[in-house]
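S.K.: Got a predicted model here, sequence first, then my questions.
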Amino acid sequence: MEYRRFGPTDMTVSALGFGCWEMGGTYGNVDGSEIAAAVDRAIDLGVNCFDTAPAYGRGESESVLGRALGSRRKDVVVVTKCGVGYSDRPKGRDSRMVAIFGSVEESLRNLGTDYLDVLLIHWPDVNTPFEETMHALDSLVRDGKVRAVGVSNFTLDQIRECEGYRSVDVVQYGLNMFDRRMEQEIFPYCQQQGTGVMVYGPLAFGLLSGTFTADTRFGNNDWRSTGGRPGWNVGVFAEEHFQRNLQVVEELKPIAGARGKGMPHLALRWVLSNPAVSVALVGMRTVQEVEDNVSGLEWALSGVEMEQIDDVFARYGVDTHPDIVIDPPE
C-alpha cells in the first residue's frame with residue numbers, strides 16, 4: 001500500500017481510501033456482514049482511511065462503519081462530517097456551534113468511538129459566521145474529541161476566510177478525468193499551504209468504471225437518471241453529454257489495457273498522479289471490490305500516457321475545467 005502525508009496532522013493515510021457513502025443505502029439495501037468483510041479485508045491490505053458522514057443515510061453509514069470496524073477502530077483514520085441535513089435551515093445547512101457539537105456527539109455514538117480523527121464541514125453554511133464555525137471546530141480539537149478539522153466543497157475565498165480564525169487541516173473535493181475544476185485554484189493553494197486533500201468521485205460516479213453502455217438506464221430513484229447536479233459533478237450523466245462521454249471512456253480503455261489494467265485502475269491512478277492529493281475515496285462494498293481497487297495501485301502513469309488521456313478528451317471536445325460553480329446560490 002502507498003501512504004501519504006495527511007496535511008499538517010501527525011497522520012499518514014493510505015492513497016486509497018474507503019468511501020462509505022454507499023453504506024447509507026444509496027444504492028439499495030446494505031448487507032452488514034458483506035460490508036464488515038470488505039472493511040476487514042481493506043484493513044488487511046493496508047487501507048487505513050475511512051470516510052463517512054451523518055448525511056449518508058441519516059447516520060446509517062456511520063453506524064454500519066462503526067460496527068464493521070469493531071476492535072480495529074484504533075488502527076484506522078476515521079473521517080466524518082457535519083453541518084447538513086437541517087430542514088429548517090437555508091439549503092439544509094447549519095454550522096453554528098450548537099449544531100456542530102450536537103452532530104459530533106451523535107457521530108461518536110453512531111461510530112461507537114470516543115474520538116474522531118478528522119471532522120469536516122460538509123458544505124458551507126453562509127448564514128453562520130465562519131468565525132463561529134471555526135471556533136467550534138477548534139474547541140473540539142482542544143477537548144480531545146477531534147484530532148484534526150477541515151472543510152468540504154468550500155470556495156477558495158471561503159477557505160481563506162476560515163483560516164483567519166483557525167487553520168484548515170484537511171479539505172475534500174471531487175476530482176476525476178471529466179471534472180478537473182479544483183486543479184485551477186484549490187489544489188495549488190492546498191499544496192502551498194500543506195493542506196491534506198481528500199478527493200471523492202475518482203470514477204466519475206461509475207462512468208469511468210467502463211461498465212456502462214449506450215443502453216444503460218438508471219432507476220428513477222438513482223440521481224444519475226436526471227443527470228445530477230452540475231455544480232457537484234459537472235453533469236457527466238446529462239442527456240446531452242452521456243453518449244459522448246461513453247465514447248470517451250471507450251477510447252481510454254486501450255490505454256489501460258496496454259498495461260493489463262481495467263478502466264477503474266486507470267481512473268484511480270490518474271487521480272493519484274496529482275501531487276496535491278493525499279487520498280482518493282472509492283466506494284467498496286465487497287471483498288472482491290476491495291481487492292480489485294487495491295490492485296490498481298501497483299503502477300504509475302507515464303508522461304506519455306497522461307498525454308494520451310488528454311488527447312482523447314480534447315478530440316471529443318470535453319471541457320474538463322468548465323466554468324461551473326461547485327455550490328451555486330439558490
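M.R.: Ah, there it is.
S.K.: which residues does residue 45 contact?
M.R.: Residue 45 makes contact with 1, 290-291, 294, according to Cβ atoms under 8 Å, 6 or more residues apart in numbering. C-beta here means a position set from N, CA and C on the backbone, and glycine is covered the same way.
S.K.: Now stretch 130-137: buried residues?
M.R.: 130, 132-134, 136-137 (16 or more other Cβ atoms under 10 Å).
S.K.: In what element of secondary structure is residue 120 found?
M.R.: Using DSSP states H and E, residue 120 maps to strand 116-121.
S.K.: so what secondary structure elements neighbour that strand?
M.R.: strand 77-82, helix 97-111, helix 130-142, strand 146-152, strand 170-174 (3 or more Cβ pairs under 8 Å, 6 or more residues apart in numbering; DSSP states H and E).
S.K.: Secondary structure element holding residue 294?
M.R.: helix 287-295.
S.K.: Show the subsequent helix or strand relative to that helix.
M.R.: helix 303-315.
S.K.: Remind me what that following helix packs against, helices and strands.
M.R.: Using 3+ Cβ pairs under 8 Å, 6+ apart: helix 303-315 touches helix 239-257, helix 263-272.
S.K.: From the rest of the structure, what touches the first one?
M.R.: With contacts defined as Cβ under 8 Å, 6+ apart, helix 239-257 is touched by 177-178, 207-208, 210, 212-214, 227, 235-236, 262-263, 265-266, 305, 308-309, 312-313, 315-316, 318.
S.K.: Try it again at 6 Å.
M.R.: Residues outside helix 239-257 that contact it (Cβ atoms under 6 Å, 6 or more residues apart in numbering): 210, 236, 262-263, 266, 305, 308, 312, 316.
S.K.: give me the low-pLDDT residue ranges for the stretch 1-150 of the chain?
M.R.: 25-30 (pLDDT under 70).
S.K.: now with 80?
M.R.: Applying pLDDT under 80 to the stretch 1-150 of the chain flags the ranges 23-32.
S.K.: can you redo the helices and strands packed on helix 303-315 as a markdown table with distance to residue 145 and mean neighbour count?
M.R.: Formatted as a markdown table, those follow (distance: least, Cβ to Cβ, whole Å; neighbours: other Cβ atoms under 10 Å):
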| stretch | distance to residue 145 | mean neighbour count |
| --- | --- | --- |
| helix 239-257 | 43 | 15 |
| helix 263-272 | 31 | 23 |
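S.K.: In three-state terms, label residue 198 for me.
M.R.: strand (DSSP: H, G, I helix; E, B strand; the rest coil).
S.K.: Going by neighbour count, list what's buried in the helix holding residue 294.
M.R.: So for helix 287-295, counting by 16+ other Cβ under 10 Å, buried means 287, 289-290, 293-294.
S.K.: what angle sits between that helix and helix 263-272?
M.R.: Here the directions of helix 287-295 and helix 263-272 differ by 50 degrees (axes from the mean of the first three to the mean of the last three Cα atoms, to 10 degrees).
S.K.: tell me the mean pLDDT over helix 287-295?
M.R.: The pLDDT scores in helix 287-295 average 93.
S.K.: before we move on, the earlier item: which one, of the helices and strands packed on helix 303-315, ends up nearest to residue 15?
M.R.: Closest approach to residue 15 among the helices and strands packed on helix 303-315 (Cβ to Cβ): helix 263-272, 5.4 Å.
S.K.: Would you mind pulling the contact partners of the closest one?
M.R.: 15, 175, 177, 199, 202-203, 208-210, 253, 256, 280, 296, 301.
S.K.: Give me the sheet partners of the very next helix or strand once past that helix and which way each runs.
M.R.: Downstream of helix 263-272, the first helix or strand assigned by DSSP H and E is strand 279-283. When pairs are called by DSSP bridges, strand 279-283 turns out to pair with strand 16-19 (parallel), strand 196-200 (parallel).
S.K.: would you put the C-alpha positions of the last one in CSV?
M.R.: Extracted C-alpha coordinates of strand 196-200, given in CSV (Å, rounded to 0.1, in the frame of the first residue of the first chain):
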residue,chain,number,x,y,z
GLY,A,196,-4.3,17.5,3.3
VAL,A,197,-6.6,16.8,0.2
MET,A,198,-9.2,14.1,0.0
VAL,A,199,-11.0,13.5,-3.3
TYR,A,200,-14.3,11.8,-4.0
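S.K.: Next, the angle from that strand to strand 116-121.
M.R.: 70 degrees.
S.K.: returning to that earlier point: just the closest of the contacts of residue 45 to residue 193, please.
M.R.: Once Cβ to Cβ is applied, the member of the contacts of residue 45 that ends up nearest residue 193 is residue 1, at 26.0 Å.
S.K.: Let me know whether that closest one touches residue 13 as I believe.
M.R.: No. Using Cβ atoms under 6 Å, residue 1 is not in contact with residue 13; the gap is 10.1 Å.
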